[in-house]
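Asker: sharing a model that was predicted from the sequence below.
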Amino acid sequence: MEQALNELIAFLPRLLGALLLVAVAGLVAWGARFLTRKGMEKARVDERLMKGDAKDPSAPSLTKAVSTAVFWIVLVLFLPLILDVLALQGLLAPVTAMLNDILVALPAVFGAIVVVAAAYVVGRLVRVLVTQALMRMGFDRFGERLGLSSAHTSTSAREAYNHGEYAGNLGDHERAQVARAHSEEVDGMDISTTPSSIVGSLAFVGILLFGVTAALRLMGFGALEAIVADFIVFAGEIITGLLVFAVGLWLANWAARVIHAGDSQHSHILGQLARAAILVLAGAMALRQMGLANEIITLAFAFFIGAIAVAAAIAFGIGGRDAAHELLERWRHRIERDDMQPPLAH
């Protein structure tokens with residue numbers, strides 16, 4: 001009994017020292033969390049990333065998540081000191097090894113965060129530059145040149161007329177409510193969906209993916225890096241294929257317009273045939289560029305051409321049946337007449 005009491009008395013200073021370290025760790029962790037939260041709130045991180053949802057209580061808060069993570073990281077860093085004071089060597093060794101691994105990985109993680117952040121900033125800048133440059137070049141009217149926006153224009157005009165007629169039948173109070181609802185709807189929209197903004201967003205995503213690839217390489221995640229790299233290659237092939245098809249669509253429409261402008265009696269039919277042929281060729285080239293199976297594309301193209309040839313042969317055979325019958329009859333009469341003539345005497 002006396003020995004146990006002596007051991008307890010000898011352990012009390014260690015216990016008090018551990019409690020003091022716990023208090024210091026809690027104070028330091030609380031201070032680090034407070035400074036982190038205030039710094040991120042001053043930088044308006046949530047407002048910049050969540051675009052208006054930061055004031056929603058149910059929306060996830062990056063500031064809160066990061067400050068909480070900082071709090072627990074500081075507590076974990078104090079854990080080996082507390083275990084050392086308590087002389088708990090059995091727990092101290094694995095905890096120390098774990099912290100050493102974390103500290104060794106921290107430079108790579110920090111470098112990866114810096115790379116992704118730099119890619120994000122550069123990507124946003126490039127998105128703005130690309131969008132503005134394409135808008136000034138008239139890229140948003142590219143769909144009109146391809147003949148893709150006539151239906152959209154008529155639909156938009158019809159909708160505008162219906163909205164105007166509906167608004168004209170409302171009172172002042174109802175108009176104010178409709179205007180407020182429309183304003184909230186516009187404020188909730190993320191980005192415009194013009195062709196220029198879409199290309200700018202694609203440029204932003206591409207730069208961000210390259211940053212993610214470099215970050216994964218820094219952290220030693222070779223398998224994930226290979227997956228992201230393969231996705232980048234596949235996305236590049238898809239975009240290139242779409243560009244090839246867009247060029248083919250433009251050439252098809254141009255060829256159809258040129259043929260339609262001619263004085264030929266069948267210019268309309270010839271223009272549509274030329275347009276269809278160019279579109280089929282452009283589609284095959286685009287699919288091949290996208291990396292799809294070349295054998296499937298070749299067979300599909302061959303079947304299409306073969307079907308056209310068979311259809312043309314059937315149409316020619318049915319349409320020219322009478323002419324072919326008359327031609328065969330003339331040949332038969334000529335052969336019979338030649339057979340009925342006596343042979344010449346030598």
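Answerer: Great, that's in hand. Just so we're clear, the structure is a prediction, and the values are computed from it rather than from any experiment.
Asker: by mean pLDDT, which helix or strand of this protein comes out lowest?
Answerer: Lowest mean confidence among the helices and strands of the chain (mean pLDDT, DSSP states H and E): helix 150-168, at a mean of 47.
Asker: what helix or strand is residue 252 on?
Answerer: Counting by DSSP states H and E, the element that carries residue 252 is helix 222-260.
Asker: do residue 49 as well
Answerer: With DSSP H and E as the test, residue 49 turns up in helix 45-50.
Asker: same thing with residue 278?
Answerer: Applying DSSP H and E, one finds residue 278 within helix 267-289.
Asker: tell me the angle that helix makes with helix 222-260.
Answerer: 170 degrees (axes from the mean of the first three to the mean of the last three C-alpha atoms, to 10 degrees).
Asker: so what does helix 267-289 touch, helix or strand wise?
Answerer: Counting contacts by 3 or more C-beta pairs under 8 Å, 6 or more residues apart in numbering; DSSP states H and E, helix 267-289 is packed against helix 222-260, helix 294-319. Placement of C-beta: from N, CA and C, glycine included.
Asker: for the helix holding residue 49, buried residues please.
Answerer: Neighbour counts over helix 45-50 (16 or more other C-beta atoms under 10 Å) mark 45-46 as buried.
Asker: so residue 215 sits right up against residue 115, yeah?
Answerer: Yes. Assessed by C-beta atoms under 8 Å, residue 215 is found in contact with residue 115 at 4.8 Å.
Asker: and the two? Which one has more around it.
Answerer: residue 215 (24 against 19; other C-beta atoms under 10 Å).
Asker: for the more buried one, give me its contacts.
Answerer: With contact set as C-beta atoms under 8 Å, 6 or more residues apart in numbering, residue 215 has these partners: 111-113, 115-116.
Asker: want to throw those residues into JSON lines with secondary structure?
Answerer: Below are these laid out as JSON lines (DSSP: H, G, I helix; E, B strand; the rest coil):
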{"residue": "111", "secondary structure": "helix"}
{"residue": "112", "secondary structure": "helix"}
{"residue": "113", "secondary structure": "helix"}
{"residue": "115", "secondary structure": "helix"}
{"residue": "116", "secondary structure": "helix"}
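Asker: tell me the buried residues within those.
Answerer: 112, 115-116.
Asker: what packs against the helix holding residue 252?
Answerer: helix 142-146, helix 195-219, helix 267-289.
Asker: can you list the buried residues in that helix?
Answerer: Applying 16+ other C-beta under 10 Å to helix 222-260 flags 225, 228-229, 232, 241, 244-246, 248-253, 255-256, 259 as buried.
Asker: rewinding a little: now do the helix holding residue 49: distance to the chain's middle.
Answerer: Relative to its chain's centre, helix 45-50 lies at 21 Å (C-alpha atoms, centre = their mean, to the nearest Å).
Asker: go on, stretch 125-142?
Answerer: Relative to its parent chain, stretch 125-142 has a centroid offset of 18 Å by C-alpha atoms, centre = their mean.
Asker: average model confidence for it?
Answerer: The predicted model gives stretch 125-142 an average pLDDT of 85.
Asker: can you tell me what sits against it?
Answerer: 194-197, 199-201, 203-204, 207.
Asker: helix/strand/coil for residue 265?
Answerer: Residue 265 carries the three-state label coil when classified by three-state DSSP.
Asker: number of nearby residues for it?
Answerer: 8.
Asker: residue 282 now?
Answerer: Counted with other C-beta under 10 Å, residue 282 comes out at 20.
Asker: so residue 84 sits right up against residue 91, yeah?
Answerer: No. Look at residue 84 against residue 91 with C-beta under 8 Å: they stay out of range, at 10.0 Å.
Asker: quick check: the gap between residue 308 and residue 269.
Answerer: 14 Å (C-beta to C-beta, to the nearest Å).
Asker: of the two, who's got more company?
Answerer: Neighbours of residue 308 and residue 269, each counted by other C-beta under 10 Å, are more numerous for residue 308; the result is 14 against 11.
Asker: settle it for me: which of residue 84 and residue 91 has more neighbours?
Answerer: Taking other C-beta under 10 Å, residue 84 and residue 91 do not tie; residue 84 has more neighbours (17 against 13).
Asker: and the pLDDT for that one?
Answerer: Residue 84 carries a pLDDT score of 80 in this model.
Asker: can you pull the contacts of it?
Answerer: Taking C-beta under 8 Å, 6+ apart as the test, what residue 84 contacts is residue 92.
Asker: next, it: secondary structure please.
Answerer: Assigned state for residue 84: helix (three-state reduction, three-state DSSP).
Asker: from residue 130, how far out is it?
Answerer: 56 Å.
Asker: same thing with residue 90?
Answerer: Where residue 130 is concerned, residue 90 sits at a distance of 59 Å (C-beta to C-beta).
Asker: who has more neighbours, these two?
Answerer: Taking other C-beta under 10 Å, residue 90 and residue 130 do not tie; residue 130 has more neighbours (19 against 8).
Asker: now do the helix or strand hosting residue 92 and helix 195-219, the angle between them.
Answerer: Assigned by DSSP H and E, residue 92 belongs to helix 89-136. Orientation of helix 89-136 against helix 195-219 (the same axes, to 10 degrees) gives an angle of 150 degrees.
Asker: mind checking pLDDT for the closest residue to residue 119 other than its chain neighbours?
Answerer: Distances taken as C-beta to C-beta, 6 or more residues apart in numbering place residue 211 nearest to residue 119, at 2.4 Å, with adjacent residues excluded. Residue 211 is assigned 92 on the pLDDT scale.
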